[in-house]
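1. test case, fold it:
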Amino acid sequence: MRMKLFFFISISLLYTHSLQAQNFSEGEKEIILSGDTSTMLRVIPLSEPVGQKALRTISLDIAFDDPLLTTLKNRMLKAVQDPANRGVGIAAPQVGINRNLIWVQRFDKKEQPFEFFINPKIIWRSDFLLQGVEGDLSFQDRDDVIRNYAIMVSYIDTTGRQQIEMMEEFTSIIFQHETDHLSGILFTDRVADQKNKRYAPFQPKRAKALLREIK
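-> Numbers count the residues shown, from 1 in each chain. Next up, the predicted model:
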């Protein structure tokens, strides 16, 4: 029964991905091709009007075979790995492109590589939660945020194939942070919302306590 359910979810998501995916607009092409395309794209601060707009806009799916996707992908990776402002993840809205594209550092894999996700979706979240400090490449704030300990994600890889996998702990937190950007949500929004909720410790996990929301 469970395998049938996952098969149905996979087929439904693949249909949704292919139906909604579009190519880059002319304005997006200008941003992607601006300046020296071998260098990183600038991370636009939240303090700028263009940053406020991009970071508060819901992003759209992108066609996996758009000819400029590789250029954007490479320039985003250089931005998140910039020694002057290095991060563990980045979303396309942070460079002014409102498309569902993110880079996430995989702390759950050997050598902790960065991986690129096209049209990522979270299709399941654990009830157990984990609290940790988060920051953002787009602004200077840092604060404790409560996220789901484990998630199941769906995305399209660079060959156009749909992938589904589980993520836990810090990698899961990064993925949730970056996909929030795709919905116009900042981690400060999560902090504000969580102040009105109550949580209780569940059990210790690697020196941190899993939490559960008290409803």
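2. residues in contact with L182?
-> The contact partners of L182, taken as C-beta atoms under 8 Å, 6 or more residues apart in numbering, are I58, S59, A91, A92, P93, N100, I102, P120. For the C-beta atoms, the positions are set from N, CA and C on the backbone; glycine is no exception.
3. just the buried residues of these.
-> Those of those that meet the buried threshold are S59, A91, A92, P93, N100, I102, P120, by 16 or more other C-beta atoms under 10 Å.
4. looking at it, the first one is touching P93, isn't it?
-> Yes. S59 is in contact with P93 according to C-beta atoms under 8 Å; the separation is 5.9 Å.
5. R142: which of the contacts of L182 is nearest?
-> Distance ranking of the contacts of L182 against R142, using C-beta to C-beta, places A91 first at 17.8 Å.
6. in space, what's closest to that closest one - neighbours in sequence excluded?
-> Leaving out its chain neighbours, the residue that sits closest to A91 by C-beta to C-beta, 6 or more residues apart in numbering is H181, at 3.6 Å.
7. which helix or strand lies directly C-terminal to the helix or strand where that neighbour lies?
-> Assessed by DSSP states H and E, H181 sits inside helix 169-182. The first helix or strand that comes after helix 169-182 along the chain, using DSSP H and E, is helix 187-194.
8. tell me the buried residues in that following helix?
-> Buried positions in helix 187-194, judged by neighbour count with 16+ other C-beta under 10 Å: F187, T188, R190, Q194.
9. so what's the last one closest to, chain neighbours aside?
-> Which is Q194. In this structure, Q194 finds its nearest non-sequential neighbour in I146, 5.3 Å apart by C-beta to C-beta, 6+ apart.
10. and what of the second one?
-> Closest residue to T188 in three dimensions, ignoring its sequence neighbours and counting by C-beta to C-beta, 6+ apart: D141, at 5.9 Å.
11. just confirm T39 contacts M76, I think it does.
-> No. Between T39 and M76 no contact is recorded; they are 11.7 Å apart, counting by C-beta under 8 Å.
12. between the two, who's got more neighbours?
-> A count of neighbours by other C-beta atoms under 10 Å puts M76 above the other of T39 and M76, at 25 against 11.
13. tell me the centre residue of this structure?
-> In the chain, the centroid-proximal residue (C-alpha atoms, centre = their mean) is E178; its distance is 2.4 Å.
14. one step back: roughly how far out does the helix holding H181 sit from the chain middle?
-> Counting by C-alpha atoms, centre = their mean, to the nearest Å, helix 169-182 is centred 5 Å from the centre of its parent chain.
15. list the buried residues in that helix.
-> Buried residues in helix 169-182, defined by neighbour count with 16+ other C-beta under 10 Å: 169-182.
16. before we move on, the earlier item: please identify which of the contacts of L182 is nearest to P113.
-> Closest to P113, out of all of these and judged by C-beta to C-beta, is I102, at 14.3 Å.
17. for that closest one, grab phi and psi.
-> For I102, the backbone dihedrals (degrees, to the nearest 10) come out as phi -140, psi 150.
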